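*Asks:* give me a model of this one.
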Amino acid sequence: MHRIVRGLAFVATLYAAMAAHAQDANYPNRPVRVIVPFAAGGPPDVISRIVAQKLSERWGQQVYVENHPGAGGNTGTATAARATADGYTLYMMSTGFMVNPSLYAKVPYDPIKDFAPVTLAAASPNILFVHPSVPARSAKELIDLIKGNPGKYSYAQPSTGSTPHLSGELLKLQYGLDLVTVPFNGASLAVNSTLAGHTPIAFTALPPAIANIKEGNLRGLAVTAAKRSAALPDVPTMAEDGIPDQEAETINGLLAPAGTPDDIIARINRDTVAALSMPDVRERLAALGFEPAVSTPAEFGARIKSEIAKWDKVVRAAHIRIE
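*Replies:* Residues are numbered from 1 along each chain as shown. From the prediction side, this is the model:
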């Protein structure tokens, strides 16, 4: 009798595995949603729509974007974390996904336990720029200028806890700068303040500053990336100017709820990487100031862990907190 029971259990397990494999092989056989934790129009939303369009064409199924803004991205992230882990809900993360657990007193998700990495999608460096009246012509000269005039200068940043803000705080911490931080509710407001000379220095993501730097209304000093940006090839990296350990990017990438089958993760990764390699996609991302930044799921998972650790140190050292 025990042998019969064990045999039936084995058959049931085998059947379930075969059924699951068949389901994975047919994926997707209905529409797939991509949750974006911000309002429509921003880079995570636009990048998601570019990827969704290409996946729709490749899969012959609708891939659509749902915007769930609120609480610095935490609202949409929590919605994605609670979704069924079947591959029919994906989540487009941005850097706040990795910063918020340190920044907020409490977040409604665990960035490691609640999600399965799929792939990085796109990356854009932050940029340090100044009003033309500022005499510094490089990031190194700016550091020397601030050191020689403690408390005189201020810098604009687009949002408390954003990577541009944390880039500014990282520079202050590393060089002991007496530099006043001025937060704004959006990059455009930060850029406009520097254009007007109210805050003569600014850190923002690259896209909002590109046009004014190209037109000479603002002076780009350095980008916080390992290499120069194709959008502003004349602006050096921090490292090129002799300022190491300042790399900071705004990244976007696809995640799925934890427990999503590995076969489905592999399928989404393969097709998303292929989509992001297409020339027209690269051109559309470049217009936003982003470049494709694809990876394996394992590589993306390692990047998430390293970014969490890096920014946790900055948030704690700078005493930044949102209740």
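
*Asks:* wait, isn't Tyr64 in contact with Arg30?
*Replies:* No - under the criterion of Cβ atoms under 8 Å, Tyr64 is not in contact with Arg30, lying 11.6 Å apart. Glycine gets a C-beta too; all of them are placed from N, C-alpha and C.

*Asks:* out of the two, which sits in the busier spot?
*Replies:* Neighbours per residue, other Cβ atoms under 10 Å: of Tyr64 and Arg30, the larger number sits with Tyr64, 14 against 8.

*Asks:* look up phi and psi at the more buried one.
*Replies:* The phi and psi values for Tyr64, taken as degrees, to the nearest 10, are phi -130, psi 160.

*Asks:* in the sheet, who's paired with it?
*Replies:* Arg33 (DSSP bridges).

*Asks:* got a list of what it touches?
*Replies:* Pro31, Val32, Arg33, Val34, Ala52 (Cβ atoms under 8 Å, 6 or more residues apart in numbering).

*Asks:* can you pull the contacts of the third one?
*Replies:* Listed by Cβ under 8 Å, 6+ apart, the contact partners of Arg33 are Val63, Tyr64, Val65, Glu66, Tyr88, Thr89, Leu90.

*Asks:* tell me how far it lies from Gly87.
*Replies:* As for Arg33, its distance to Gly87 is 11 Å (criterion: Cβ to Cβ, to the nearest Å).

*Asks:* equivalent analysis for the second one, please.
*Replies:* Here the distance between Val32 and Gly87 works out to 7 Å (Cβ to Cβ).

*Asks:* also the fourth one?
*Replies:* The gap separating Val34 from Gly87 is 12 Å, by Cβ to Cβ.

*Asks:* same thing with the first one?
*Replies:* When distances are taken as Cβ to Cβ, Pro31 and Gly87 turn out to be 12 Å apart.

*Asks:* so between the two, which is more surrounded?
*Replies:* Gly87 (22 against 12).

*Asks:* which residues in the stretch 1-150 of the chain form helices?
*Replies:* All helices of the stretch 1-150 of the chain, identified by DSSP state H, counting those that start in this stretch, fall at 2-25, 43-59, 74-81, 96-103, 139-148.

*Asks:* what's the answer for the stretch 151-300 of the chain, then?
*Replies:* Per DSSP H, counting those that start in this stretch, the stretch 151-300 of the chain carries helices over the ranges 163-175, 187-195, 210-214, 262-276, 279-287, 297-317.

*Asks:* what's the closest of those to Thr224?
*Replies:* helix 163-175 (5.3 Å; Cβ to Cβ).

*Asks:* relative to the whole chain's centre, how far out is that closest one?
*Replies:* Here the centre of helix 163-175 is set off from its chain's centre by 17 Å, with Cα atoms, centre = their mean, to the nearest Å.

*Asks:* how big is the angle separating it from helix 297-317?
*Replies:* 60 degrees (axes from the mean of the first three to the mean of the last three Cα atoms, to 10 degrees).

*Asks:* need the CA coordinates for helix 163-175. CSV is fine.
*Replies:* This file holds the C-alpha atoms of helix 163-175, laid out as CSV (Å, rounded to 0.1, in the frame of the first residue of the first chain):
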residue,chain,number,x,y,z
THR,A,163,20.6,59.8,-6.7
PRO,A,164,21.5,63.4,-7.8
HIS,A,165,20.9,64.5,-4.2
LEU,A,166,22.9,61.6,-2.9
SER,A,167,25.7,62.4,-5.4
GLY,A,168,25.9,65.9,-3.9
GLU,A,169,26.0,64.5,-0.4
LEU,A,170,28.6,61.9,-1.3
LEU,A,171,30.8,64.7,-2.7
LYS,A,172,30.3,66.8,0.4
LEU,A,173,31.2,63.9,2.7
GLN,A,174,34.2,62.8,0.7
TYR,A,175,35.8,66.3,0.7
